[in-house]
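S.K.: based on what follows, work out the 3D shape:
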Amino acid sequence: MANQVDSVFYNGVNMTHLVYGDLTNASVTKQVSFIEVTDAYLVVTGSGSGSADSSCAHAGFKIACSKGMQNIVNDSNILVTSGPSWDAFGSSTLIDSAHQAGAGDWWDAPCTSHLPSSLADFSTVPIIWASGHAHAAFRWKPSKVVTCSFSMDVVDSVYYSGRDVTEYVVGNLTLPTEAKQVQFSLLPRAD
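M.R.: Below you'll find the model as predicted:
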């Protein structure tokens, strides 16, 4: 996360002290392990650099998760990555305790960050942020993730809840014989 990771919560429990890696160094990969709990949120909060108006240009978060003892850096079977399956919450101040636990209001789809990646690991993983804010929280819950698979001759664009999620579509968008797939978090009242 650029600029720094402020906290990591899982199932409402602060796990920041269990994170391996320098939380203040954006170029260092961080790692945390936990036992999966049904319907639990994983929430990561952080602070970016730059002004709130340019937050998606100067701040970013990317993550790759797997189950078990896999080496996720070299494993193409990653369970989840940053992208539209995550909810984002932004603030001009440090993230409050309700949002750290995955609760609170005003969660939204993340914006795609234009920040160049400083991490060699996960070079193809999307970088996201909370649009218009210097501080952000990201939450993910497996039961809220929707996966859509579809076929179409040529895919020009895919939108969910007014957001362009085309870049998160897996599969060749111009190859008619190849199935395409996209994942996103189910948002209330989304079209």
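
S.K.: which ones are touching the residue most central in space within the chain?
M.R.: Taking C-alpha atoms, centre = their mean, the centroid of the chain lies closest to S82, which sits 2.9 Å from it. Listed by C-beta atoms under 8 Å, 6 or more residues apart in numbering, the contact partners of S82 are 61-64, 110, 125-128, 138. In this view, the C-beta of every residue, glycine as well, is placed from N, C-alpha and C.

S.K.: distance of it from T177?
M.R.: 29 Å (C-beta to C-beta, to the nearest Å).

S.K.: rewinding a little: what's the closest of the contacts of S82 to V158?
M.R.: P126 (13.9 Å; C-beta to C-beta).

S.K.: quick one: pLDDT of the residue nearest to that closest one when sequence neighbours are not counted?
M.R.: Leaving out its chain neighbours, the residue that sits closest to P126 by C-beta to C-beta, 6 or more residues apart in numbering is G83, at 4.5 Å. You'll see G83 listed with a pLDDT of 72.

S.K.: G83 contacts V170, doesn't it?
M.R.: No. If you go by C-beta atoms under 8 Å, G83 and V170 don't touch, sitting 10.2 Å apart.

S.K.: between the two, which one's more packed in?
M.R.: G83 (23 against 13; other C-beta atoms under 10 Å).
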